[in-house]
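K.L.:
Sequence and predicted model, in that order:
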Amino acid sequence: LQRLHDDVPPFPTADALRVLADELGVDPHAVFDGLRGEPVAAASLGQVYKATRRATGEAVAVKVQRPGAEDLAALDIFILRRYGTFLTDLLRALGRDLDLAGVVDDFGHLLQAELDYTAEADNARRFASLYACADRRVGAPR
């Protein structure tokens, strides 16, 4: 988890384009214009680019997951769970009933949800549909 923190430099745009090509199944430049520069934001799990959809001319934000983020997170959760299980057993031997492995499992589920960009997009669409009429100042990415 040390490598997955918020103060990280962006990964190379060439790597981001490869990730997008793998996910989209086509060259990202066939779908988006403007993906050549630096990202507008970079964080531990991914980064975001400004682009334009070729089909509609609509300005969009393209979020790209950092290569290897899922594998790195899974390994760290596995290691943390091993420590959590050991410490839970130790604490129980000392008369304390604290399930640290369960805490790590909960954290792992939350982290996995953060890595699921499809679910994130679904949630944004749901949010937009629920609050579309409530206040025009409230919006969600599409």
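P.N.:
Looks like it came in fine.
K.L.:
Please enumerate the strands of this protein.
P.N.:
32-33, 41-42, 46-53, 59-65 (DSSP state E).
K.L.:
partner strands of the first one, parallel or antiparallel?
P.N.:
Which is strand 32-33. Applying DSSP bridges, strand 32-33 is found paired with strand 46-53 (antiparallel).
K.L.:
Could you do the last one as well?
P.N.:
Partners of strand 59-65 in the sheet, by DSSP bridges, are strand 46-53 (antiparallel).
K.L.:
Please list the outside residues in contact with the strand it pairs with.
P.N.:
Residues outside strand 46-53 that contact it (C-beta atoms under 8 Å, 6 or more residues apart in numbering): 10-11, 13, 16, 31-35, 37, 39-42, 58-66, 69, 117. Placement of C-beta: from N, CA and C, glycine included.
K.L.:
Swap in 10 Å and give it another go.
P.N.:
8-11, 13, 15-17, 19-20, 28-29, 31-42, 58-67, 69, 114-115, 117, 141 (C-beta atoms under 10 Å, 6 or more residues apart in numbering).
K.L.:
likewise stretch 79-99?
P.N.:
Applying C-beta under 10 Å, 6+ apart, the contact partners of stretch 79-99 are 1, 77, 100-108.
K.L.:
buried residues in it?
P.N.:
The neighbour-count check on stretch 79-99 (16 or more other C-beta atoms under 10 Å) flags 80-81, 84, 87-88 as buried.
K.L.:
what's the closest of the strands of the chain to residue 129?
P.N.:
Minimum separation from residue 129 across the strands of the chain (C-beta to C-beta) falls at strand 59-65, 18.6 Å.
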